[in-house]
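Engineer: what follows is a predicted protein model with its sequence.
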Amino acid sequence: MGCSGSKTVKIIDKKPSSRKFIKKQISHRQTILLDNISKYTDYKLKYEFISVLGSGGFGKVRLYKHKETGLKYAIKTLKKNYLNQHAIESIVREVSIAMQLDHPNIVKYFETFEDECYIHVVMEFIPGENLFGLLCNSQRKITESDMNSICKYLLKAVGFLHNNDIVHRDIKPENILFSIPGKWSSLKLIDFGLSIPANVKDKYRVGSPYYMAPEMIDGKFNKKSDIWSIGVILYLMSTGYFPYSGTSLEEVMSNIKNGKLKLDKFKNVNKELKDLVKLMLNPDAHKRPSVEEVLSHPWFTSDLFDDQTDTNNKYLDKSIIEALRNFQNNSLIAKEALFYLAKISSEEEVIKLKKAFLEMDKDNTGTLEYEEILETFEKLGIKKDEKEIKEIWNGLDFHIDGKVNYTEFLAATISSVEFFKEEKIWSAFKYFDGENKGYITCESMINALKQDNLTVNEAGLKSMFDKLNKKKKVNFEEFKNMLKNRAASIIQSESGLIAGLQNI
């Protein structure tokens, strides 16, 4: 599919006029990240090296396993010394952005460690192949229906970014992975090293040339720049060629800025797809469609395409509503424990729940609004009681930030006993016992949650711990029994989704 010419190079030019580089190793007192983001312990005490996954301009990505649980993680290591100010700002921005992202089709962030020379960012390990590898695989033909599904899930991820005023700026097939081979819904967008808030002024030229929008060549960007990149990917998947190419990077960028889109390679492609590609690759960013407009295009709304890799079953059912109803009965401590277990869940464990969430998220914002939960009741033919739905909403929004995000939804609906294996419970316990004291306190739980950039209901947690016992502590056995009781209830439940943890 023309992949031999698709090697891309990240470039950052237009060097800053002030070339003040850090010439010494940065000491602990000169840390780059804030204390509420970084941990200053040795990450190798917690994680064991397995292999190198890849490398980039500032460092490497390696595969590690958690020593005590065996769970696998990808750790991106970034060098601190000899970085200019712009590079430092980019690293800080990357970590800050990664902490905010909670979406079914975006790689999960876990934690960050910092020492004198390096920053180590712990992310979800995605074992599947990337889209570029699939396109280069002559044994695997990507059909138009496949393209439709892949772009749909990619657009949902990018729509979430744009809704949070973030521009990715490096969308390309190498940054699109699949957790489960052949399951397009398992798509994960990765690498936020060049991502930036939409309102930040940054005149550096960044990106991967073949996927770079015309305005990015001039050191400008906006949300529509991501739309261009997705348009290039769609063109590449459809034809096996890049819309603009050349014998050098300079020629590629010149052709992007001055070239006219050629559609002669679209002879066997339906007119809706051809029309959509033309819209997405409009050189005038203002005339390119938004994510919402792309998803509303006839090529996506048509009934021509079924997801060939997934069944056509609907994933919303009354068992999920039952779980949402019962979740409010859990204690706040239990909800936070379930939130962490949901976060470390594998794609296979939550695939149905993931699709249910995306089905409920009608406006593709990546969060659930009150009205969407109300609409779900109506869709399933359940008599709506607005007072009850308000209570469900309040129970789900236990981080009191005015929205129900993906992991909160999973916390409310997880049902598999796999979630309650001892190694996972231990991982959750260690997460809240940040100082390895052998017990969880209200303070240690609040600190862990704040380090994950979560809004914390401190008053609610303090009230719960005050009611626990005279010690106001939870040891591992108590923590484990709390979650094991939930697992036992699940086995006995006819629906497989039950009320959840009893109040502590």
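Structural biologist: Received it, and whenever you're ready, just let me know what you need. Numbering: from 1, shown residues only.

Engineer: secondary structure class for the residue located most distally from the centre of the chain?
Structural biologist: The outermost residue of the chain, judged against the average C-alpha position, is Lys470 (40.2 Å), by C-alpha atoms, centre = their mean. Remark: Lys470 carries the secondary structure label coil [criterion: DSSP: H, G, I helix; E, B strand; the rest coil].

Engineer: does Asn447 touch Tyr431 like I think?
Structural biologist: No - proximity of Asn447 to Tyr431 does not meet the contact threshold set by C-beta atoms under 8 Å, at 10.7 Å. Every residue, glycine included, has its C-beta placed from N, CA and C.

Engineer: which one's more surrounded, these two?
Structural biologist: Using other C-beta atoms under 10 Å, the more surrounded residue of Asn447 and Tyr431 is Tyr431, with 23 against 16.

Engineer: what sits against the closest residue to Val232 other than its chain neighbours?
Structural biologist: Leaving out its chain neighbours, the residue that sits closest to Val232 by C-beta to C-beta, 6 or more residues apart in numbering is Tyr211, at 4.9 Å. The neighbourhood of Tyr211, defined by C-beta atoms under 8 Å, 6 or more residues apart in numbering, consists of Thr8, Asp170, Ile171, Lys172, Trp228, Ser229, Val232, Ile233.

Engineer: how close does Tyr211 sit to Tyr244?
Structural biologist: In this view, Tyr211 and Tyr244 are 10 Å apart by C-beta to C-beta, to the nearest Å.

Engineer: check Ser427 too.
Structural biologist: Counting by C-beta to C-beta, the gap between Ser427 and Tyr244 amounts to 47 Å.

Engineer: comparing those two, which residue is more hemmed in?
Structural biologist: With other C-beta under 10 Å as the criterion, Ser427 and Tyr244 differ in neighbour count, and Tyr244 comes out ahead with 25 against 18.

Engineer: phi, psi of that one?
Structural biologist: The main-chain torsion angles of Tyr244 are listed as degrees, to the nearest 10 and equal phi -130, psi 130.

Engineer: you'd agree it is up against Lys260?
Structural biologist: No - with contact taken as C-beta under 8 Å, Tyr244 and Lys260 are classed as non-touching, separated by 9.7 Å.

Engineer: pLDDT score for the residue lying closest to Thr376 once chain neighbours are set aside?
Structural biologist: In space, not counting the residues next to it along the chain, Thr376 is nearest to Met360; the distance is 5.4 Å by C-beta to C-beta, 6+ apart. Listed pLDDT for Met360 reads 92.

Engineer: go on, Thr8?
Structural biologist: On the pLDDT scale, Thr8 is placed at 43.

Engineer: could you measure from Phe327 over to Ile382?
Structural biologist: Remark: distance between Phe327 and Ile382 (C-beta to C-beta) = 16 Å.

Engineer: so which of those two has more stuff around it?
Structural biologist: Residue environment comparison for Phe327 versus Ile382 gives the larger neighbour count to Phe327, 24 against 15, counting by other C-beta under 10 Å.

Engineer: which SS state does the closest residue to the more buried one other than its chain neighbours fall under?
Structural biologist: Nearest non-adjacent residue to Phe327, counting by C-beta to C-beta, 6+ apart: Ala412, 3.8 Å away. Counting by three-state DSSP, the backbone at Ala412 sits in helix.

Engineer: ok, Ala412 touching Leu396?
Structural biologist: Yes - if you go by C-beta under 8 Å, Ala412 and Leu396 touch, sitting 5.8 Å apart.

Engineer: which residues do those two both contact?
Structural biologist: Shared contacts of Ala412 and Leu396, defined by C-beta under 8 Å, 6+ apart, are found at Leu324, Phe327.

Engineer: more neighbours, the two?
Structural biologist: The residue with the greater number of neighbours, taking Ala412 and Leu396 and applying other C-beta under 10 Å, is Ala412; the counts read 27 against 23.

Engineer: now that one: how far from Tyr210?
Structural biologist: Plainly put, Ala412 is 42 Å away from Tyr210 if you go by C-beta to C-beta.

Engineer: likewise Ile97?
Structural biologist: Ile97 sits 24 Å away from Tyr210, taking C-beta to C-beta as the criterion.

Engineer: pick out whichever of those two has more residues nearby.
Structural biologist: Between Ile97 and Tyr210, counted using other C-beta under 10 Å, the more crowded position is Tyr210 (25 against 19).

Engineer: contacts only, for Met445.
Structural biologist: Neighbour list for Met445: Ile333, Glu336, Phe432, Leu461 [criterion: C-beta under 8 Å, 6+ apart].

Engineer: er, Val474 actually
Structural biologist: Ile333, Tyr439, Ile440, Leu468, Met482.

Engineer: just the residues you listed: which are in helices?
Structural biologist: Taking DSSP state H as the definition of helices, the contacts of Val474 contribute Ile333, Leu468, Met482.

Engineer: who wins on neighbours among these?
Structural biologist: Neighbour counts for those were taken using other C-beta under 10 Å; the highest belongs to Ile333, which has 23 neighbours.

Engineer: which pLDDT does the model give that residue?
Structural biologist: Value listed for Ile333 in the pLDDT field: 88.

Engineer: unless I'm mixing things up, it is touching Ser463, no?
Structural biologist: No - using C-beta under 8 Å, Ile333 is not in contact with Ser463, being 10.4 Å away.

Engineer: in the stretch 301-450 of the chain, which spans are strands?
Structural biologist: Remark: strands of the stretch 301-450 of the chain, listed N- to C-terminal, are 439-441; assignment by DSSP state E, counting those that start in this stretch.

Engineer: contacting residues for the residue nearest the centre of the chain?
Structural biologist: A centroid search over the chain (C-alpha atoms, centre = their mean) returns Ile106, at 2.2 Å, as the residue closest to the centre. Shown in contact with Ile106 (C-beta under 8 Å, 6+ apart): Ala157, Phe160, Leu161, Lys188, Leu189.

Engineer: now stretch 424-442, how far from the centre of its chain.
Structural biologist: If you compare the mean C-alpha spot of stretch 424-442 with that of the full chain, they lie 25 Å apart, counting by C-alpha atoms, centre = their mean, to the nearest Å.

Engineer: so which residues make contact with the helix or strand where Asp466 lies?
Structural biologist: Element membership of Asp466 [criterion: DSSP states H and E] is helix 458-468. Counting contacts by C-beta under 8 Å, 6+ apart, the residues outside helix 458-468 that touch it are Ser331, Leu332, Ile333, Glu336, Phe398, Thr441, Cys442, Met445, Ile446, Lys472, Val474, Ile504.

Engineer: what is the most widely separated pair among these?
Structural biologist: By the measure C-beta to C-beta, these have their two most distant members at Phe398 and Lys472, which lie 20.2 Å apart.
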